[in-house]
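Student: sequence first, then the predicted structure, then my questions.
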Amino acid sequence: MRSRIITALLLIPLVVAAVLWLPSDVFAVLIALIVLLGARELAALCNAAKTAHVAFFMFFVAVLMLGMHFVLEAGWLVSLQVLAAIWWVAITTRLVLRRRSIETVHKIRPGALLLGGV
């Protein structure tokens, strides 16, 4: 717990500085890199042990981000964010209300990768 507090105390000023002073393009690339690191962690949580599986999932996420950046019109962005928020609230509620433990699976779970770890 102590290390998490120290990490937060170190990262908060960096995040605030990035939000306030980085140019939009640089900030977008920084956020994209953070999302790709999260995709790598999600792949590991879904038992994707082979480097090729992890790389493919990270590539898939990168293509989705690039597609949204270049194809998605600004008017759709808010709708997509609302839809994503509803999805994560629904999944979180489902997991909290779940009455049985989640079984351990020892093989790769591509469905879990696509559905966000469900």
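Tutor: Here it is on my side, so go on.
Student: and the gap between residue 92 and residue 86?
Tutor: 11 Å (CB to CB, to the nearest Å). Heads up, the C-betas are built off the backbone N, CA and C, glycines and all.
Student: for residue 1, same thing?
Tutor: Residue 1 is 32 Å from residue 86, by CB to CB.
Student: now for the one helix or strand residue 17 maps to, which elements pack on it?
Tutor: For residue 17, the host element (DSSP states H and E) is helix 2-21. Contacts defined by 3 or more CB pairs under 8 Å, 6 or more residues apart in numbering; DSSP states H and E place helix 2-21 against helix 24-45.
Student: just give me how far the next helix or strand after the helix it packs on sits from the chain centre.
Tutor: Using DSSP H and E, the helix or strand that follows helix 24-45 in sequence is helix 51-71. Centroid separation for helix 51-71 versus its chain: 12 Å, with CA atoms, centre = their mean, to the nearest Å.
Student: could you list the low-confidence segments of this protein?
Tutor: 99, 101-102, 104-106, 108-118 (pLDDT under 70).
Student: repeat that for 50
Tutor: 118 (pLDDT under 50).
Student: ok, longest helix in it?
Tutor: helix 74-97 (DSSP state H).
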